[in-house]
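Trainee: Fold the following, please.
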Amino acid sequence: MHTLEPKVTAKVDELVVAIRESETYQKFVEMQKKLDAEPELRDQVDEFRMKNFEMQQNFQGDELLQRIEEFTDSYAWLRENPLVDQYLSAELAFCRLIQDVGDELTDQLRF
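Mentor: As a prediction, the model looks like this:
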């Protein structure tokens, strides 16, 4: 693993604290805990997430769009559960936050 310069490490630590204090992260953690309290439901959500990831890695273009539509239809019953829907929405919001941070770093560094 590459070692960060001390000044950069300090700023990364500050960023991590800011992210952990964000409403987006707090909501994600709250929903994680609620979902973890229901192990069977958690297993179903994890299977959903794994299959979704695999589908997005293995297909592209029109075939991906068709697969997404079929996948969405086959798992609609799971998304109807309010806890699952809230968890997946919170997870998506947190992922977008992390993406936005990465995009901002890239933009500002003109990388």
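Trainee: Phi, psi for Gln60 please.
Mentor: phi -150, psi 170 (degrees, to the nearest 10).
Trainee: swap in Glu38?
Mentor: Torsion angles at Glu38 (phi, psi; degrees, to the nearest 10) stand at phi -120, psi 80.
Trainee: next one: Thr3
Mentor: Phi and psi for Thr3, reported as degrees, to the nearest 10, are phi -90, psi 130.
Trainee: What is the burial count for it?
Mentor: 7 (other CB atoms under 10 Å). Just so you know, the C-beta spots here come from the backbone N, C-alpha and C atoms, and that holds for glycine as well.
Trainee: Glu5 too?
Mentor: 8.
Trainee: repeat for Thr24
Mentor: The burial count for Thr24: 16, using other CB under 10 Å.
Trainee: May I have the residues that are in contact with it?
Mentor: With contact taken as CB atoms under 8 Å, 6 or more residues apart in numbering, Thr24 is in contact with 90, 93-94, 97.
Trainee: what's the distance between it and Glu30?
Mentor: With the distance defined as CB to CB, to the nearest Å, Thr24 ends up 11 Å from Glu30.
Trainee: got it, and Glu40?
Mentor: For Glu40 relative to Glu30 (CB to CB), the value is 20 Å.
Trainee: just Gln44 next, same as before
Mentor: Using CB to CB, one gets 20 Å for the distance from Gln44 to Glu30.
Trainee: Ok, Arg67 next?
Mentor: Using CB to CB, Arg67 is found at 32 Å from Glu30.
Trainee: Now Phe94: which helix or strand?
Mentor: Assigned by DSSP states H and E, Phe94 falls within helix 82-109.
Trainee: quick revisit: give me the more crowded residue out of Gln44 and Glu30.
Mentor: The neighbour comparison of Gln44 against Glu30 (other CB under 10 Å) goes to Gln44, with 17 against 13.
Trainee: for the more buried one, what are its contacts?
Mentor: Per CB under 8 Å, 6+ apart, neighbours of Gln44: 78, 84.
Trainee: Which strands or helices does the least confident helix or strand in the chain by mean pLDDT pack on?
Mentor: None of the helices or strands of the chain scores lower by mean pLDDT, DSSP states H and E than helix 61-74, at a mean of 93. Helices and strands touching helix 61-74, by 3 or more CB pairs under 8 Å, 6 or more residues apart in numbering; DSSP states H and E, are helix 39-58.
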